[in-house]
Structure formats: structure tokens, C-alpha cells
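> Structure for the following, please:
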Amino acid sequence: MNPATFTVPPASTSSGAPPVVLGVALTIAHHEGLRRSLRSAFGLSTRAINLRIDPGMDLIFLCETTLPGSLPCLASLTHPGVTAVTLREATLSWAPDPEHGIGRGTPTLGALESGSCFLTANSRKMPIAAFGPRNVQPTHIEMEMLGQPNLLEFLRAEWFTLEISGTNRRRLNRPLAFTANLQFEVQMLPTVLA
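So this is what the prediction gives:
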């Protein structure tokens, strides 16, 4: 899971500073199901597993990647005049593999039911966006912002983790690769913008 960065268009935000755009490639791995994984890992009997595990646990996904704060797309955040960074837009996008046609069993974003996006740095975890069934399209998910927290210290950290986790509508029989696109609004001291 390597970070993919995008060039920032020559646009401005209400603060007058150009936005920061971060694009990250993520993959929700194919899983065999929690019961089967536990049975092979711990040798538990099927009966014991069925008694202890909620069937819905098979429909939980988690994908995350740790990124350096030194990514080129974050370079403007090192300027001493930057006072705050807030999330302005968060989307997930999926593009079909040109070598494999879409058919029965092809995982798309439509397999997801709900989810949340988190940033973690310096032992702090912050929920920044979320989505539910009404946000989900097969190739695109527009997430809803969770307030306007200042994320500057997260993105200025030496390393930070981006996590997408939530629930599936159905089990994935193949890995689902997609891109998380985050656009941040940068606020700077007025004297810097003048």
C-alpha cells in the first residue's frame, strides 16, 4: 500500500491558501471469514467459535497505511505561518481493472455498507469522516465530515496513519483496491497571505 499523491490544482480556499490534496491507495484484503481464520490459527472447534462470535463479525473490514509527514504534497504545511488544517472533502474511488472485466464476484465499493476514516499520530486517534449506505456508489463514496478539527499536528507528525474501517454489505471473495482522496483547507496568518 504505497501512498499516491496528486498535484494540487491552482485553486484557492476561503483562507486564500491553496488546498492540500492527499491521495492514498488502500486495499481491503480478501478474508476467509473470522471463524475459519480462528479455527486455523488457534485450533478451535467450529462449535466453540459459533458460540462465541457474532455472525456480523465476518462483515467488518479494516485497512490502514502509515505515511510519512514528509510527503511532497504536505510540504506547504511546514510553513511557520500555517495555523490550522481542516478536512474539506473526503472521497473513496474505485476504478475497474482494465485486465479483468466486471462480472459476478467483482468487488466494488458497492460491497461496503458503512465506514469511518481516522487519522492517528503521536498516540492520538481522530475520526475525521464517515459514510453510510446512502453515500455508497459502486465507483464512488462521498464521505461526510465529522466536525472541523484542526489536523495540523497530525499531518506535521513524522509519521501518521490513515485508517478506513467499517462494515460490508456482503463478504468479499477478492481483495478490494481503492483510493482515498482527502482535500484539506489550509489556514494561514493574515500577514503571510498579504
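> So for the protein, the centremost residue is which one?
Ile164 (3.9 Å; Cα atoms, centre = their mean).
> Contact partners for it?
Shown in contact with Ile164 (Cβ atoms under 8 Å, 6 or more residues apart in numbering): Leu26, Leu62, Cys63, Glu64, Leu92, Gly115, Ser116, Cys117, Phe118, Ala180. Heads up, the C-betas are built off the backbone N, CA and C, glycines and all.
> cool, and Met143?
By Cβ under 8 Å, 6+ apart, the contact list for Met143 reads Ala90, Thr91, Leu92, Gly115, Cys117, Ala129, Ala130, Phe131, Asn135.
> ditto for Leu26
Leu26 neighbours (Cβ under 8 Å, 6+ apart): Met1, Cys63, Glu64, Thr65, Leu162, Ile164, Ala177, Phe178, Thr179, Ala180.
> just to revisit the earlier point, ok, so of the contacts of Met143, who is nearest Met145?
Minimum distance to Met145 across the contacts of Met143 is 5.7 Å, recorded for Ala129 (Cβ to Cβ).
> and the closest one, bridged to which residues?
For Ala129, the beta-bridge partners under DSSP bridges are Cys117, Met145.
> per-residue pLDDT, it?
Here the pLDDT value assigned to Ala129 is 98.
> Ok, Ser123 next?
Ser123 is assigned 94 on the pLDDT scale.
> backbone phi and psi for it, please?
Dihedral pair for Ser123: phi 60, psi 20, per degrees, to the nearest 10.
> Ok, the one 10 residues further on next?
Comment: the main-chain dihedrals of Pro133 come out as phi -50, psi -40, following degrees, to the nearest 10.
> Look up how far Asn173 lies from it.
Distance of Pro133 to Asn173, computed by Cβ to Cβ, to the nearest Å: 21 Å.
> which of the two has more neighbours?
Higher neighbour count among Pro133 and Asn173: Asn173, with 13 against 10, using other Cβ atoms under 10 Å.
> what about the more buried one, distance to Ala25?
21 Å.
> Asn181 now?
In terms of Cβ to Cβ, Asn181 sits 11 Å off from Ala25.
> Looking at the two now, which is surrounded by more residues?
Asn181 (18 against 13).
> Name the helix or strand for the more buried one, please.
Take DSSP states H and E as the rule and Asn181 turns out to sit in strand 176-188.
> how about that strand: buried residues?
Across strand 176-188, burial judged by 16 or more other Cβ atoms under 10 Å covers Leu176, Ala177, Phe178, Ala180, Asn181, Leu182, Gln183, Phe184, Glu185, Val186, Gln187, Met188.
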